[in-house]
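Chemist: 3D model of this:
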Amino acid sequence: ITKPKFHFLVHLPTYIHCFGPAIIFSTERYELFNHVFQLTCIHSNQQGPSQDTCWTFAWFNIIKHIATRGCWY
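Modeler: Numbers count the residues shown, from 1 in each chain. A predicted model of the protein is given here:
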């Protein structure tokens, strides 16, 4: 179960103006992913947060590859 996020309503008028009606419009998935980025930055050594984030996501992909028995998604 996901928590409802209402922050996207702040951006909605701009997107409607630029791209038209908001049909099947959802940013919740991407806004929830910001939490993952924040955690990788918090748990880095702060000397190279971009590199630490890249290494973390590379490790996640390796684990996902092993867990899915070699299928890339």
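Chemist: Quick check, His7 in contact with Glu31.
Modeler: Yes. The pair His7 and Glu31 passes the contact test of CB atoms under 8 Å, sitting 6.2 Å apart. Yep, even glycine has a C-beta here, placed from its N, CA and C like the rest.
Chemist: what about the two, which has more around it?
Modeler: The residue with more neighbours, out of His7 and Glu31, is Glu31; 13 against 9, by other CB atoms under 10 Å.
Chemist: Show me what counts as buried in the helix or strand that contains that one.
Modeler: Secondary-structure element containing Glu31, defined by DSSP states H and E: helix 28-42. Within helix 28-42, the residues scored as buried using 16 or more other CB atoms under 10 Å are Thr40.
Chemist: Which neighbouring elements make contact with it?
Modeler: helix 49-67 (3 or more CB pairs under 8 Å, 6 or more residues apart in numbering; DSSP states H and E).
Chemist: Only the buried residues of the helix it packs on, if you could.
Modeler: Quick answer for helix 49-67 (16+ other CB under 10 Å): Asp52, Thr53, Thr56.
Chemist: okay if I get the residues you listed as TSV plus distance to Leu39 and pLDDT?
Modeler: Compiled in TSV, the buried residues of helix 49-67 are given as follows (distance: CB to CB, whole Å; pLDDT from 0 to 100):
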residue	distance to Leu39	pLDDT
Asp52	11	80
Thr53	10	82
Thr56	9	84
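Chemist: Against Ile62, how distant is Tyr30?
Modeler: Applying CB to CB, to the nearest Å, the value for Tyr30 to Ile62 is 23 Å.
Chemist: Convert the C-alpha atoms of the helix or strand of the chain with the lowest mean pLDDT to PDB, please.
Modeler: Between all helices and strands in the chain, the lowest mean by mean pLDDT, DSSP states H and E belongs to helix 28-42, at a mean of 75. Extracted C-alpha coordinates of helix 28-42, given in PDB (Å, rounded to 0.1, in the frame of the first residue of the first chain):
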ATOM      1  CA  GLU A  28       4.200   9.500  -7.500                       C
ATOM      2  CA  ARG A  29       6.400   6.600  -8.700                       C
ATOM      3  CA  TYR A  30       9.300   9.000  -9.400                       C
ATOM      4  CA  GLU A  31       8.800  11.100  -6.300                       C
ATOM      5  CA  LEU A  32       9.000   8.000  -4.200                       C
ATOM      6  CA  PHE A  33      12.300   7.100  -5.900                       C
ATOM      7  CA  ASN A  34      13.800  10.300  -4.600                       C
ATOM      8  CA  HIS A  35      13.900   8.700  -1.200                       C
ATOM      9  CA  VAL A  36      16.300   6.000  -2.600                       C
ATOM     10  CA  PHE A  37      18.600   8.700  -3.900                       C
ATOM     11  CA  GLN A  38      18.600  10.500  -0.600                       C
ATOM     12  CA  LEU A  39      19.500   7.300   1.300                       C
ATOM     13  CA  THR A  40      22.400   6.600  -1.000                       C
ATOM     14  CA  CYS A  41      23.700  10.100  -0.400                       C
ATOM     15  CA  ILE A  42      23.300   9.900   3.300                       C
END
